[in-house]
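Trainee: sequence and predicted structure are below.
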Amino acid sequence: MKEARKRVGQGEGWTRVEVEVEAVNLCKPESFAVVGDDGSGDCQPGLGERAGALVFTGGLYVKSVDPRLGGWSGLRLGNGRGEFVALEDEGYLIQGVFIWGGSPSRLKSATNVSLGTLLSPSGVPLNSIGSGKAWSDAEGLASVHAHAPFEEGVFVSFEREGRVWKYPSVNGTISLVPQAIGLDNRAEITSCEYNGGLEALESVQGVGLIFICEDVVYESQTHDGGAGTGTSFFGAVRGWVYSGILDSDSEEQLSPFRYLVRDGLSPVAAAKVPGTQDILVLERTYKAGVGNTLRSKFSPNPPTAQPPKHNPLFPEAQNLVDDNRTRHWVLQLEWVARIRYISRATIREAEASDCIVDGSLVGELNPEVHYTDNFEGMDIVAGAAGGMEVVIVSDDNFNHAQQRTLIYSFSLDSTMLLPSSCMPAISFKAALQSGEPHQNTSSGWQLLLPIIFFLGLLAAAIAYVVHRRRKYMFQQMRGDDDIELQQDSQKGEGRRTAGGGGEDSTASPMLGEGTDGAVGEDEEQPSRS
């Protein structure tokens, strides 16, 4: 760790930044009283804080007097979870060291933070080119090789002027001068929305670069989300696999696929599941034409006390004039974040067909329960006992009054990852028309229902076959009995004839008088059962 702290932040163009770090909770205090009908809940006393399958293992609120620090949009961890590199969406890279401690291990602090300005291939600062963030809007970050950003360098994706550049490693630190890799101004990439381009980015050995647009540009459907919530949409966003970039022996090829989005959440980060070619995708709220959700809650009186320091999203009071009366409203930015699992097989299926990638839900950060923000960066490292550690970071949009730079860590058991799927194009189009998008949630029962249904049909078929077989055998047995009765009757007629049959013949001594051949009262009739 000492060696890591010494080298992080060194190199040409890097400057040290002083930061303040404060530990934060995941769950709001009032949410511990919220328990589901089945007795479950993400925030229960004694059971820890969690979000679905994600078990909270520490949170940090990072702030600085340096106005350049903010807008974290990407994150990559080095080996051992200590070193990290982060990306800012105004054209900066951040390097630093996370401090972990305790048993079980928890995220404790961040130190040795340095800042570097991203340059163009010719050495010009990106934030000085053009107007606004046209060239400096860096959104996606991936290590060239997993968990070795300082040894191998990183890939950075940009929206607006869509492209992917490689920033190589030089003497154990990341160079701020990039190398073009053939993904500059490609027609496919520039087909993304101008401010909704390449955000989710990951490098997977044996596969290539995987990247996904943020905004829906393919067959999107917009719905009224209800009063006070603006609009939400579902549809498909474009994604690609750029193979060959990591393997010099393979031809470079750009293969498209589509990714299903719902409830107004868009993909903003991707990270490889350790030991596999599968990925997790981080989604967060964004509503086209509306921006991020702003919820207004009425309060009869203005807040009288300062909010607690551990609350990273404390309400801001504002007086608004409504119907010539002054009312006090509590305005709070509201964010939702979800993490979904996608297998390599599902993406491969989407590349080869017209189906849409649909990830299974791993966990959701809900503002009604959790302290949330605009989470945009994520990485994963291997954890203990076959599990993994998932770390996410938020982009405060340099809106320090209402947002925070939050860093959350979670442990995740790999056995909790449920299969992803690929939604057939015909089902996707039907969902668009009906306004009821297909859901692929983390409910194990939903995955078992088709199996249970099939087993039920199989059992019914077997029961029917057994029933028909028994009925056939029963009919055969009845037929044999009828034949035997007929033969017995014929033998009886023969005996009567041999004994002097005819109408005037003397009655058989076996029969009572006047019976006309009827069976005697004490003689049993043959049974057919």
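Mentor: Cool, the structure landed.
Trainee: would you list every one of the helices in the protein?
Mentor: 2-7, 149-152, 344-352, 425-434, 444-498 (DSSP state H).
Trainee: comparing the ones you listed, which gets the lowest mean pLDDT score?
Mentor: The minimum mean pLDDT among the helices of the chain belongs to helix 2-7 (a mean of 46).
Trainee: show me the strands in the stretch 101-250 of the chain, by range?
Mentor: In the stretch 101-250 of the chain, the strands defined using DSSP state E, counting those that start in this stretch lie at 106-117, 138-143, 154-158, 163-167, 169-170, 173-174, 179-184, 198-204, 208-213, 218-224, 231-243.
Trainee: so which helix or strand of the chain has the lowest pLDDT on average?
Mentor: strand 316-322 (a mean of 34; mean pLDDT, DSSP states H and E).
Trainee: my read is that Arg76 contacts Met378, right?
Mentor: No - using C-beta atoms under 8 Å, Arg76 makes no contact with Met378, being 9.5 Å away. Glycine gets a C-beta too; all of them are placed from N, C-alpha and C.
Trainee: where in the stretch 151-300 of the chain is pLDDT low?
Mentor: 216-233, 248-250, 286-300 (pLDDT under 70).
Trainee: contacts only, for Ser394.
Mentor: Ser394 sits next to 72, 373-377, 403-407 when contact means C-beta atoms under 8 Å, 6 or more residues apart in numbering.
Trainee: which ones among the residues you listed lie within strands?
Mentor: Those of the contacts of Ser394 mapping onto strands are 72, 375-377, 405-407, per DSSP state E.
Trainee: need the max-distance pair from those.
Mentor: Farthest pair in the ones in strands among the contacts of Ser394 (C-beta to C-beta) is Glu376 and Ile407. Separation: 11.9 Å.
Trainee: which of those two has more neighbours?
Mentor: Taking neighbours as other C-beta atoms under 10 Å, Glu376 and Ile407 compare with Glu376 leading, 28 against 25.
Trainee: is it true that that one touches Arg284?
Mentor: Yes - using C-beta under 8 Å, Glu376 is in contact with Arg284, at 6.7 Å.
Trainee: overlap of the contact sets of those two?
Mentor: Val268.
Trainee: before we move on, the earlier item: between the strands of the stretch 101-250 of the chain, which one is closest to Ala269.
Mentor: Closest to Ala269 of the strands of the stretch 101-250 of the chain, according to C-beta to C-beta: strand 198-204, at 5.5 Å.
Trainee: report all helices and strands that that closest one contacts.
Mentor: Judged by 3 or more C-beta pairs under 8 Å, 6 or more residues apart in numbering; DSSP states H and E, strand 198-204 is in contact with strand 138-143, strand 154-158, strand 208-213, strand 265-272, strand 279-285.
Trainee: need these in JSON lines with mean neighbour count and distance to Gly80, can you?
Mentor: Shown next, in JSON lines, are the helices and strands packed on strand 198-204 (neighbours: other C-beta atoms under 10 Å; distance: least, C-beta to C-beta, whole Å):
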{"stretch": "strand 138-143", "mean neighbour count": "27", "distance to Gly80": "14"}
{"stretch": "strand 154-158", "mean neighbour count": "26", "distance to Gly80": "18"}
{"stretch": "strand 208-213", "mean neighbour count": "27", "distance to Gly80": "25"}
{"stretch": "strand 265-272", "mean neighbour count": "26", "distance to Gly80": "17"}
{"stretch": "strand 279-285", "mean neighbour count": "25", "distance to Gly80": "20"}
